[in-house]
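Peer 1: Give the three-dimensional model of this entry:
(3 chains)
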Amino acid sequence: MKSVEMVGIVKQYPNVKALDHVSFSLSKGEIHSLLGENGAGKSTLMKILYGMTMMDEGSISINGEVVNIKSPKDAIELGIGMVHQHFMLSPVMSVMENIIVNNEPKQGLFVDEKKAKKEVQDLIDRFNFNINAESKVQNLSVGEQQRVEILKAIYRGANILILDEPTAVLTPQEVDELFVIMSKLKEDNKSIIIITHKLKETLAIADKISVLRDGKMVKRDIPIKNVTVHDLAKFMVGRDVQLNVRRENKNMGDVYFKVENLSLEEKGIKVLKNINFSINSGEILGIAGIEGNGQTELIEVLTGLKKPTEGRFIKGDEELTGDAEKFIKNKVGHIPEDRHLRGLVVDLPIEDNLILGYHDKPEFMKNGLMQWKNIASFSNKAIDDFMIKTPSKNELVSSLSGGNQQKVVIARVFEQNPDVLIAAQPTRGVDVGATEYIHQELYKLRDEGKSILLISADLDEVRSLSDRIAVIYDGRIVSINKADEIDELQLGLYMTGGKDGESDEE
Amino acid sequence: MSILNQLPGILSSMLFMSIPLILAALGGVFSVRAGIMALGLESMILTGAFTAVVGSYFSGNAWIGLLCGIIGGMFFGLCHGILCIRYKVNQVISGIGLNLLATAATTLLMQIIWGNKGSSESVESIPIRLSFLKDIPIIGDIFGTQSILLLFTIILVILGWILLFKMPFGLRLRMVGENPKAASSVGIPVKRMKYIGVLICGALAGMAGAYLSIDNLNLFVRDMSASRGYIAVAIAILSRYNPIGVLVFGGLFGLSDAIQIYAQGYGVPSQLVQMIPYIVTLVVLTFGVKNIQPPAGVGEHDDE
Amino acid sequence: MKNEKLLNLLNSSSVLISFVSFVLAVLVSGVIMLLSGYDPLYAYSIIFEGSLGSLRAISNTLIQATPLIFTGLAFMIAKKATMINLGVEGQLYCGALVSAIVGMTPLGLPGFLHFIITLVSGVIAGALAGAFIGFLKVKFGSNEVITTTMTNFIIINFCDYLVNYPLKSEGAVAQTDSMLPETLLPKILSSYQITYAIVIAVIAAIVIKFILDQTRFGYEIKVVGLNMIAGETAGIHVKKIMMLGMSLSGSLAGLAGATHVMSVGKRFISGFSPGYGFSGISVSALASDSPLGIILAGIIFGALKTGSMYLNMSSKIPTEFVSVIQALVVIFVSAPLLIKSIIGLDRKPKGGK
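Peer 2: This is a model prediction of the structure:
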């Protein structure tokens, strides 16, 4: 008897068929990897199972019984738990409050806090999690927050666990720890579905693999013995792909951009501590690190958005000072880490977005007046150059797909031919096609002799693109190495502060 | 007359003036905790004041008036809820639109019912005072003439605190306000909780309005809420959305009102002293709100 | 299928949303009239006649429309800069008071210069009042909805104090002395009350449209209004834009006050504004924030106001119906989903079966 049996699931969204007669099953005590690219339909399928999205057609049985799941509440009652990619936690509330909410132990009309504390702490101890039930979630590390999410599901009696991209935010070491937890859960006879697009991890942990592509189930229940990473990649993308091939760098120049003794203090806390590095012309320097170790602040300082407490930047022969406007004028380009937050005004047309930040250049503006004619021809060129899929430059950016939105950001910066590029998460939330394209563009810029700083949470991306890799931990650069001289394991150690290396250069 | 002799009188006025502010701000706390901005409070107070008078006028019973006031406030709370939750209207605009509507509608209805643009006829007002305290020295001066609603107010604040921080409902409501998606993912009916939040808000604000019209006075006066809804929003913010804080800041703003009344007795032009509560609000809000964050989910329109 | 086409039009066209909202607001008010025993058809026909039925009526309508166009523009510009400026009313008082004071004081200047100074001083007063709110927001993060509400009270009470005490002219009414004739706006037609104020209002709308569409400030205010953080990232000085936006908003409100005392009031009279500032919210809502639309919306609400006063003279129907219509327009326009569901366009196209 299967724990989960989903048959012929169809989900139609206004413009796309997200799921097209997809079937999926999960056996008891099995770890099943649901593999697919962004937008393949993995999350939609699992949201249907968890009652967050309604299916248009199909049927679901849990433990052999056909069920009708209309809401997460129904799913929870059926013993289904979900650990979401974006944690479903309130940072200002305690671990305990986050875990018990809507399943509170009661004493009369009141929450039985004593009992709640004991239950939660027992659960934490059972899995050796080393978290205090009373800490506020905002004081926990990302890995710890994920454990709280897992506990939340277990506390509600989940036997079937759905983990949505659980490794996306973790360090290699934390990934290993997660896998230990998963094995433990498996021993506990829980069934686990892990949604991912990471192939190596899939092979490391899963018992069986199913692959979704463009809303269709292309492979079902493959035992891991029978496949290689390359097979999986092929199933996933539908054609042969080159995995992580680094492009040789042949014309690296001398030091062009230099950061000296950079520190930043915010609200009395030092968030950046004495950072030093330099980038040569024609070089990509990657910054690896777990999110929240100062990357965001580093980007903000390097783009003039925040003034450093100490330190200076040198570009070419000159010192760089001033605010964001000044930095942009001095040809420091910026691909923001969150395009919706910082990068785009999605309710404005593409053309307005293509000049954002450069709108006061003489070709776009004269005597305080916008030169819409020039802007139009520029926009049409940029749309062509970067193959942005849109009927017209006048469409709102919100009408574009994620990949094309990111291309707008890329086009804007690249068309202005920056000397230094601060590229933060350049391919986040972008499909494989666009990712490949963006990587090619980054290489092109590098080969033109520009200096690129790449900050990415995706360690694979950092490793494949960078010429050198620096690791940021707790606001400090703890190591800088040539990319081919450091392996994943060592990077992971640096990233978790487990190894405090003097950089091997300088 | 020394200021010491005046003190019981000032404190007494302070309590008088703080009751509606505390009630309304407490309502605001519930609304914001559920993730809905409380800028429509003004409309709920005004409508509550009006419907309380209407209820008292037609029934001849002030208690029925009070009930009508609460229902009137809840009606506007519900309107705010429907606009914000169901129709995803910008919460600020919805609040302002309803405030405009309440001003217009109460004046219009007043004219239709009583044929007068400025005020209604006199009606029965709430009769019970805390007169059993009258004979105690000082305390009697301060509390003896207060309405029974003062007692209700204090009880409601305490109940509100228990509900929010000690009971399952409060934990769920706070989760809805902080992270509606998280709340929904553990099976909390987010929309229903939000409606409950704005309805509690409307009821309390309606009660505040009823206090103004059929307790403090015995008639409805055009625009009698006099921006107390906005002051209540400021109180809710300053109290960090905690009922106990509402009591404190409500008292503070009540005091500024009391000083206004007190100063009028000394021949200062009324136009000037009437500015006091608004200046106090402006100053306190300007310098007092650093680092106060509303619940993270406020203003969000979540498609569960 | 026809429904679907209509739906597309609705989605794309804010004009239609505004139109339907207005019709609905008028209908709802009509129902209220009916329930309170008045004949809405009669009422609306009288309103129409009283606002557009004669040259005099049209002149009165345009007089009423003038401040509404200014306050509509004022509210809209602040909104573009992410600020909900409920303080238009207070800023309008500032403009009116300062213009009145400057206009009544003999300065020994040539008439035309005195006229200009009178107008400009009102504008500056409004701009400063607006900038103050912007400053509180930018510097302290104070919620502008509350600060504007508070400053409205403070300003209006203070003006009241001035015209009741230090600036009070002789007589029973709380008002200043009358302004010098050369500081008043001339009439367009000698036999009607209407002055060139309406022309200034229309020019203001056109200028605002030009600013928004064609200038750097217009581009930057759009960016900041729609995504402040993206604006900051692009090197736009967000706080400066917000301050400028609020100052521009305040100066338009000041212009409303100045032109009002320079044409209708001829002096500052206590409580002269029947809430022009708040009506501006409805005007900008009905125009869905389009500057030229605001001219039309201002005239529509001006006509309603004029007509309702005419109605009030000839029957007992209260003028407050107009305020109800204005409030409902704000609510309806801000709720396109509600409008769609009311006219039956919210049903999703059926898929699958």
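
Peer 1: can you list the weak-confidence ranges in the chain?
Peer 2: The chain I'm using is chain A. In the predicted model of chain A, residues A:239-247, A:499-506 satisfy pLDDT under 70.

Peer 1: oops, I was thinking of chain B
Peer 2: Judged by pLDDT under 70, chain B has its weakly predicted residues at B:1-4, B:302-304.

Peer 1: How about the stretch 101-250 of chain C?
Peer 2: For the stretch 101-250 of chain C, no stretch has pLDDT under 70.

Peer 1: Would you mind naming what in it lies close to chain B?
Peer 2: Taking C-beta under 8 Å from any C-beta of the partner chain as the criterion, the neighbours of chain B within the stretch 101-250 of chain C are C:136, C:140-143, C:145-147, C:149-154, C:157-158, C:160-161, C:164-165. To be clear about C-beta, it is placed using only N, CA and C from the backbone, and glycine gets the same treatment.

Peer 1: would you say A:Ile452 is within a strand?
Peer 2: Yes. A:Ile452 forms part of a strand when assessed by DSSP: H, G, I helix; E, B strand; the rest coil.

Peer 1: ok so, going back, buried ones only from the residues of the stretch 101-250 of chain C next to chain B, please, as a ChimeraX command.
Peer 2: One line in ChimeraX is enough to select the buried ones among those; burial here means 16 or more other C-beta atoms under 10 Å in any protein chain shown:
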select /C:136,142,143,145,146,147,149,150,151,152,153,154,157,158,160,161
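
Peer 1: Show me the residues of the stretch 101-250 of chain C next to chain B that map onto strands.
Peer 2: Cross-referencing those against strands under DSSP state E gives no overlap.

Peer 1: Could you tell me how far whichever helix or strand A:Glu260 is part of lies from the centre of the chain?
Peer 2: When secondary structure is defined using DSSP states H and E, the element that contains A:Glu260 is strand A:255-266. Centroid separation for strand A:255-266 versus its chain: 26 Å, with C-alpha atoms, centre = their mean, to the nearest Å.

Peer 1: near chain B, anything from it?
Peer 2: No. Shown here: strand A:255-266 not in contact with chain B (C-beta under 8 Å from any C-beta), separated by at least 13.1 Å.

Peer 1: Parallel or antiparallel, which strands does that strand pair with?
Peer 2: According to DSSP bridges, strand A:255-266 has the following sheet partners: strand A:269-280 (antiparallel), strand A:310-315 (antiparallel).

Peer 1: Pick the most buried one from these.
Peer 2: By mean neighbour count, with neighbours taken as mean count of other C-beta atoms under 10 Å in any protein chain shown, strand A:269-280 ranks first of the strands paired with strand A:255-266 at a mean of 18.

Peer 1: which other residues reach it?
Peer 2: With contacts defined as C-beta atoms under 8 Å, 6 or more residues apart in numbering or on different chains, strand A:269-280 is touched by A:252-265, A:285, A:294, A:297-298, A:301, A:308, A:310-311, A:420, A:451-453, A:470, A:474-477, A:480, A:506.

Peer 1: now residue 119, nearest residue through space, not along the chain?
Peer 2: You didn't say which chain, so I picked chain A. With C-beta to C-beta, 6 or more residues apart in numbering or on different chains as the criterion, A:Glu119 has its nearest non-adjacent residue at 6.5 Å, and that residue is A:Pro105.

Peer 1: Chain C, not that one
Peer 2: Distances taken as C-beta to C-beta, 6+ apart put C:Ala258 closest to C:Leu119, at 5.4 Å, once the chain neighbours are dropped.

Peer 1: and A:Lys11, helix, strand or coil?
Peer 2: Under three-state DSSP, A:Lys11 comes out as strand.

Peer 1: Isn't it up against A:Met46?
Peer 2: No. Between A:Lys11 and A:Met46 there is no contact, the gap being 11.6 Å when judged by C-beta atoms under 8 Å.

Peer 1: Need the phi and psi values for B:Leu285.
Peer 2: Dihedral pair for B:Leu285: phi -60, psi -40, per degrees, to the nearest 10.

Peer 1: tally of neighbours for it?
Peer 2: Residues within reach of B:Leu285, counting by other C-beta atoms under 10 Å in any protein chain shown, total 24.

Peer 1: ok, B:Gly48 touching B:Gly72?
Peer 2: Yes. B:Gly48 sits in contact with B:Gly72 when judged by C-beta under 8 Å, with a separation of 4.9 Å.

Peer 1: Show me which of these two is the more surrounded one.
Peer 2: When neighbours are counted by other C-beta under 10 Å, B:Gly48 and B:Gly72 differ, and B:Gly48 comes out ahead with 39 against 31.

Peer 1: which other residues reach stretch A:369-377?
Peer 2: Stretch A:369-377 has contacts (C-beta under 8 Å, 6+ apart) with A:351, A:354-355, A:359, A:363-365, A:393, C:213-216, C:218-219.
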